[in-house]
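Engineer: got a predicted structure plus its sequence, pasted below:
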Amino acid sequence: MCLSIPGKLIEITAELDETFRIGKVDFDGIKKEVNLAMVPDAKIGDYVLVHVGAAISIIDEEEAKKTFELIKQMGEMDDLEGWVSD
């Protein structure tokens, strides 16, 4: 079971204001929409840590890639397929 997963913010898909935004995040080819309210400074190209459909922090690319590789090695990628609607 994974508590959070890193992904790359590739698009802002909805924006009520500077804080309440929805973005599309790429998790190694799996793209999901996530809530960006907790990371108002996140911009396209940033790596974010996502938990239960919400980005909870911005992380650097190197750390994101290391974490993602560990998740893949643990076989947790299958759980991502059914998580959060496209």
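Structural biologist: Alright, I've got the coordinates. In this text the structure is predicted, and so the values were computed from the model without any measurement.
Engineer: residues contacting stretch 48-63, please?
Structural biologist: Around stretch 48-63, the neighbours that count as contacts under C-beta atoms under 8 Å, 6 or more residues apart in numbering are 3-9, 23, 25, 27, 32, 34-39, 41-42, 46-47, 64, 67, 83-84. C-beta here means a position set from N, CA and C on the backbone, and glycine is covered the same way.
Engineer: cutoff 7 Å now
Structural biologist: For stretch 48-63, contacts defined as C-beta atoms under 7 Å, 6 or more residues apart in numbering pick out 3-7, 9, 25, 34-36, 38-39, 41-42, 46-47, 84.
Engineer: and those residues, which of them are in strands?
Structural biologist: Counting by DSSP state E, the contacts of stretch 48-63 place 5-7, 9, 25, 34-35, 47 in strands.
Engineer: and these, which is closest to E18?
Structural biologist: Minimum distance to E18 across the ones in strands among the contacts of stretch 48-63 is 14.2 Å, recorded for N35 (C-beta to C-beta).
Engineer: identify the bridge partners of the closest one.
Structural biologist: I22, A54 (DSSP bridges).
Engineer: bridging residues for I58?
Structural biologist: Beta-bridge pairing for I58 (DSSP bridges): V48.
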